[in-house]
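Chemist: coordinates only, no sequence provided:
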């Protein structure tokens, strides 16, 4: 579904990514891990067309999307839950959701307002609240729900649970497990190795803009030194 091959991305003269390659197949949950400042968000920005790579290839489906504008990448079927959430503060919860409604995957039973409220009951309770009236955890739920309302072929979450209370983190992991069950392809960035190992098929670890390790959850769990060496755990 998504194949990133040998991308190199810069901010002005500063090179951030050095030949990063990864892939996400249909129905897979794949993680991108690493300490802060190692290039995870830049990888997401490169995929989404927010910071175009200077070289390398990004293919989504059968199309090359490297360098395409972000709106075209979104229309192709990639939904982003950005770091920092960025919900529409001056819209209600319901307006945030219906504003992005589409069926970009051509799903026969697409996510709509009703099914999203079933997935996130708390959002149904807050339907008339403005975006800036929500807690941080509720805003994260809304950001995920807003991306799902586009019915993406691939969902990307940048820092899925960062800064959230434990109960909210559990809720986010529950939702991602549910999405995996229904075959949603997901690329997720987070620091909770234990939770990621439970829901993900494969993992990539970034160190200073390079992929230094990739493998299955079983391999990751079987080598605790990896987490200590590259993730600071």
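Modeler: Looks like it came in fine. All of these numbers come straight from a predicted model, not from anything done at the bench.
Chemist: now do the helices in this structure.
Modeler: 40-48, 70-76, 93-99, 113-119, 121-125, 136-148, 166-181, 193-199, 217-221, 224-231 (DSSP state H).
Chemist: in CSV: the ones you listed, plus mean pLDDT and distance to residue 155.
Modeler: (Each C-beta comes from the backbone N, C-alpha and C, glycine too.) Shown next, in CSV, are the helices of the chain (pLDDT from 0 to 100; distance: least, C-beta to C-beta, whole Å):
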stretch, mean pLDDT, distance to residue 155
helix 40-48, 97, 12
helix 70-76, 95, 12
helix 93-99, 96, 15
helix 113-119, 95, 13
helix 121-125, 95, 17
helix 136-148, 95, 6
helix 166-181, 95, 7
helix 193-199, 92, 13
helix 217-221, 89, 19
helix 224-231, 84, 23
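Chemist: between those helices, which one is closest to residue 31.
Modeler: The closest of the helices of the chain to residue 31 is helix 193-199. By C-beta to C-beta, the value is 4.7 Å.
Chemist: who are the packing partners of that closest one?
Modeler: strand 29-33, helix 166-181, helix 217-221 (3 or more C-beta pairs under 8 Å, 6 or more residues apart in numbering; DSSP states H and E).
Chemist: okay, residue 69: pLDDT?
Modeler: Here the pLDDT value assigned to residue 69 is 96.
Chemist: skipping adjacent residues, who's closest to it in space?
Modeler: Excluding its sequence neighbours, the residue lying closest to residue 69 (C-beta to C-beta, 6 or more residues apart in numbering) is residue 49, at 5.4 Å.
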